[in-house]
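Engineer: I would like the atomic coordinates for the input below:
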Amino acid sequence: MMFKFLKRLRGEKSETSLEVQSAPEVVEQSAPTAPAVVDLVAEPAKPAQAEPAFEPKPEQPVEKLSDEPPVLAEVELPKRSLGNGIRSLFSSGVDLDDLEDILIRADFGVDAALEITDDLKREANRVGASSDPELRLLLKDLLTKRLTRSDAALNLSSGDLPYVILVVGVNGAGKTTTIGKLSRWLKDGDWSVVLGAADTFRAAAVDQLATWAQRAEAEIVRPEREGQDPASVAYQTVELALTKQADIAIIDTAGRLQNKKDLMDELGKVRRAVEKQARISEVLLVIDATTGQNAMAQAKAFAEVAKVTGIVMTKLDGSAKGGILYALQQELDLPVKLVGVGEGVNDFAFFSPEEFAKGLVAYK
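Structural biologist: Predicted structure coming up:
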């Protein structure tokens, strides 16, 4: 499965764009010699009712470097494959009498397991399939059809740069690693990326994202201190992306789930800070496949408050319960867009229903 996207065409900027890039007011905010890791500078404390500290000053608005639209090119991301990362459902031959139990144990959910089993039996009777290879092929085709969606591509085709991606999910699900792998993938496709370390409550998360930024050759905006307002980091990330004429800004967010109201308030502030300067293209929810049915509760909580547009499923290689991916997509009506199947930087790909289904029904 390959998708085509629109990105900035490097080396064909207008003279106007270049002049604005060298204007004094832009240089003051982002010096050309700035290091790859950009520390935020804390502003003086303001009264409780004052505007947020991260608002731009009226005399120095931060806008796109040129009023002219960027020159765009249609591109594809480098090919990535799930390979052999999906664990098979079957340790022996496909037995229609046992299939429903197998699917339930693999976290497809009771209703889905019953529907899939009934559909497979009906199709097998219709075409006269009874052998193990025939049943595997029918099941693969059935799962592929049920998992295929028209909205599985990342929303990177509007041409409204920079594309802003918020990444949400509970701590430990693999958010930071996902951002790092996605950034490296985009860099391999000649996209320019700015990362924002808005999970300001965990110093380890900031350091980990900085490490990934180096691997991906991406700029990073990090907080000056632990616990700094995540919205200010998100704002500065988009600000830097505009200044640098980057294609994409990816923002890591905190994954605390004490209660939905706190989560909603925090993500709401981040969204409002970002939308002062750019549209949000994607809100990707990262889910750890090894958590099984717990993933459903997490996904429902985030989907309710974060305006999620797609799911990233991580650690599919570490679980024989990949059916949770099927359950999430069906129950939440959200597309699974990206998957991670290993620790390597390239163990990351667009979700392919056919590859996933093939892995589930493969011979061990």
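
Engineer: do I have it right that Ala303 meets Leu334?
Structural biologist: Yes: here Ala303 lies in contact with Leu334, judged by CB atoms under 8 Å, at a distance of 6.6 Å. Any C-beta I mention is one placed from the backbone N, CA and C, and that applies to glycine too.

Engineer: common neighbours of these two, please.
Structural biologist: Counting by CB atoms under 8 Å, 6 or more residues apart in numbering, the common neighbours of Ala303 and Leu334 are Leu285.

Engineer: got the buried residues for the longest helix seen in the chain?
Structural biologist: If each helix of the chain is counted by residues according to DSSP state H, the longest one is helix 110-127. Residues Ala112, Ala113, Glu115, Ile116, Thr117, Leu120, Lys121, Ala124 are the ones in helix 110-127 that count as buried (16 or more other CB atoms under 10 Å).

Engineer: ok, and what's touching that helix?
Structural biologist: Helix 110-127 is contacted by residues 96, 99-101, 103-104, 108, 129-130, 134-135, 138-139, 142-143, 146, 323, 326-327, 330 when judged by CB under 8 Å, 6+ apart.

Engineer: if you set the cut-off to 7 Å instead, what comes out?
Structural biologist: Outside of helix 110-127, the residues within contact range by CB atoms under 7 Å, 6 or more residues apart in numbering are 96, 99-100, 103-104, 108, 130, 135, 138-139, 142, 326-327, 330.

Engineer: would you show me how to pick out the buried ones of those in ChimeraX?
Structural biologist: Selection of the buried residues among the contacts of helix 110-127 in ChimeraX, burial being defined by 16+ other CB under 10 Å:
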select :99,100,103,104,108,135,138,139,142,326,327,330
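
Engineer: remind me which residues of this protein are low pLDDT?
Structural biologist: Low-confidence segments of the chain, defined by pLDDT under 70, are located at 1-2, 11-68, 83-85, 257-260, 318-320, 364.

Engineer: the residue of it positioned farthest from its centre and Pro70, how far apart?
Structural biologist: Going by CA atoms, centre = their mean, the residue of the chain most distant from its centre is Gly128, 42.3 Å out. From Gly128 over to Pro70 the distance is 57 Å, taken as CB to CB, to the nearest Å.

Engineer: what's the answer for Val164, then?
Structural biologist: Distance from Val164 to Pro70, by CB to CB: 15 Å.

Engineer: show me where this protein has helices.
Structural biologist: Across the chain, reading from the start of the chain, the helices by DSSP H fall at 15-21, 24-29, 96-105, 110-127, 132-147, 175-188, 203-216, 230-243, 260-275, 294-306, 323-332, 353-361.
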